[in-house]
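Asks: Any chance you could fold what I've pasted below:
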Amino acid sequence: MRVVSTLVYGNDLLGITQLGPNDILHIYDVFQPEKLEQYLTLGTPKYIVNDHLTSIDLGTGNQLHCVPLWLEAEVKKFNLCEMPATVHTDHIFNFIVNKAQINRLLCIKLVEWFKLQDYNYTWSAVKTKFNSDRILEEMDSLGERSPLPWETRGQILNEIVLPKKFFYAKNSREVNQSFVADYGGNQWTWDNGLNTIFSNSAVSLITESVEYQKGSTFTEKTLYSVIGLTFPIWVGGYAQAAEWQRLGFDIFDDVIDHSYQYYDTLIERCYYAFTLNLELLTNKEKVSKLRTEHLARLQNNFKLLTNNHIETFNKQEISTWPADLQQAMPTIANFFRIYS
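Replies: Residues are numbered from 1 along each chain as shown. Sure thing, here's the model as predicted:
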């Protein structure tokens, strides 16, 4: 079977004139359902594979085979240090934002909205304003169920005022008024500041690379939370906590109310991640004690990462796929060695 990969042909599949029943379409990275619709104008491949998402509701009847291959490769590249034997909590929570993506900007606005004070962060501040049209449409569709009263909507959608705070590597550059590129890589940023930000916080507000689509994915942002021994709250994304649990990790659902993950709209999933866990995000004494009490569980998640758990999960997941798709997977996995 032919593997047609966006890593080879680009996001617009340049040079590909037709997809058919002998093709496997490999989509690298997170994507919007509208992008898949564009690909399918070329025809219908036998299989569609993604390497970042663990689940997504396409709403089109198309089946997506997905496993976190990127995360598996990233864990292997990461030089995981010795697991801390103790934890020290200077701040209640942390968040990190580089690329100006809607759920990340909403996370910062909600920190401002709730007037939260005790946190540490990185924020590139390359883009402090964002298009709020679709958020307003979501709130309009919710009517009285909207989490934000009509008269206060403007406040949550105003320009972000949080000061810039970012770790710049030697060759860092700002791109398209959207994000910082060549920022040193994930290992470099961990060694040069993120390790302190995460390890000295009890909770991580994780803004993964999802927007309005009902999907879940895991990148270095979730990885940082695990190796920093912090409680995870995913701001945005759909069923993020449930998917992380399906991968075999503790999500501390006896400590964190993850019911925010199942709301239909992005604004609800972001807003309720805060309001349902406001006590954790404001009570330093409580959350510090909880972190110490559950240290062994936090450490166990760390151990799973260092014991190739993601690779084991991926192999098990792929083993349930059709035989001809399984046979093609080494070709897709090889892309991560070529492009890493």
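
Asks: all contacts plus neighbour counts: C-alpha atoms, from now on.
Replies: OK.

Asks: And the residue most central in space within the chain, its phi and psi?
Replies: For the chain, Glu208 is the residue whose C-alpha lies nearest the centre (CA atoms, centre = their mean; 1.8 Å). Per-residue torsions, Glu208: phi -70, psi 170 (degrees, to the nearest 10).

Asks: Tell me how far Thr320 lies from Ile160.
Replies: Distance, Thr320 to Ile160, using CA to CA, to the nearest Å: 45 Å.

Asks: Looking at the two, which has the bigger crowd around it?
Replies: Neighbour count, other CA atoms under 10 Å: between Thr320 and Ile160, Ile160 has more, with 18 against 9.

Asks: what's the nearest residue to the more buried one if we skip its chain neighbours?
Replies: In space, and not counting its chain neighbours, Ile160 is closest to Thr128: 5.1 Å by CA to CA, 6 or more residues apart in numbering.

Asks: Quickly find the element holding Asp12.
Replies: Element membership of Asp12, judged by DSSP states H and E, is empty: it is in no helix or strand.

Asks: Please save the CA atoms from the helix or strand where Phe302 lies in PDB.
Replies: Using DSSP H and E, Phe302 maps to helix 295-306. This file holds the C-alpha atoms of helix 295-306, laid out as PDB (Å, rounded to 0.1, in the frame of the first residue of the first chain):
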ATOM      1  CA  LEU A 295       3.600  12.200  45.900                       C
ATOM      2  CA  ALA A 296       3.900   8.400  45.300                       C
ATOM      3  CA  ARG A 297       1.200   8.600  42.700                       C
ATOM      4  CA  LEU A 298       2.900  11.600  41.000                       C
ATOM      5  CA  GLN A 299       6.100   9.700  41.000                       C
ATOM      6  CA  ASN A 300       4.500   6.600  39.500                       C
ATOM      7  CA  ASN A 301       3.400   8.600  36.500                       C
ATOM      8  CA  PHE A 302       7.100   9.700  36.100                       C
ATOM      9  CA  LYS A 303       8.200   6.100  36.300                       C
ATOM     10  CA  LEU A 304       5.800   5.100  33.500                       C
ATOM     11  CA  LEU A 305       7.300   7.700  31.200                       C
ATOM     12  CA  THR A 306      10.900   6.500  31.900                       C
END
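
Asks: Beyond it, next helix or strand please.
Replies: helix 309-318.

Asks: Can you tell me which helices and strands that next one packs against?
Replies: Packing partners of helix 309-318 (3 or more CA pairs under 8 Å, 6 or more residues apart in numbering; DSSP states H and E): helix 69-77.

Asks: which parts of the least confident helix or strand in the chain by mean pLDDT are buried?
Replies: Using mean pLDDT, DSSP states H and E, strand 173-175 stands out as the lowest-scoring helix or strand of the chain, at a mean of 74. Judged by neighbour count (16 or more other CA atoms under 10 Å), strand 173-175 contains no buried residues.

Asks: which helices and strands does that strand pack with?
Replies: strand 179-181.

Asks: Distance-wise, check Leu229 relative to Thr292.
Replies: Going from Leu229 to Thr292 by CA to CA gives 10 Å.

Asks: who touches both of these two?
Replies: Counting by CA atoms under 8 Å, 6 or more residues apart in numbering, the shared contacts of Leu229 and Thr292 are Val87.

Asks: Phe252 touches Phe231, doesn't it?
Replies: Yes. Using CA atoms under 8 Å, Phe252 makes contact with Phe231 at a distance of 7.2 Å.
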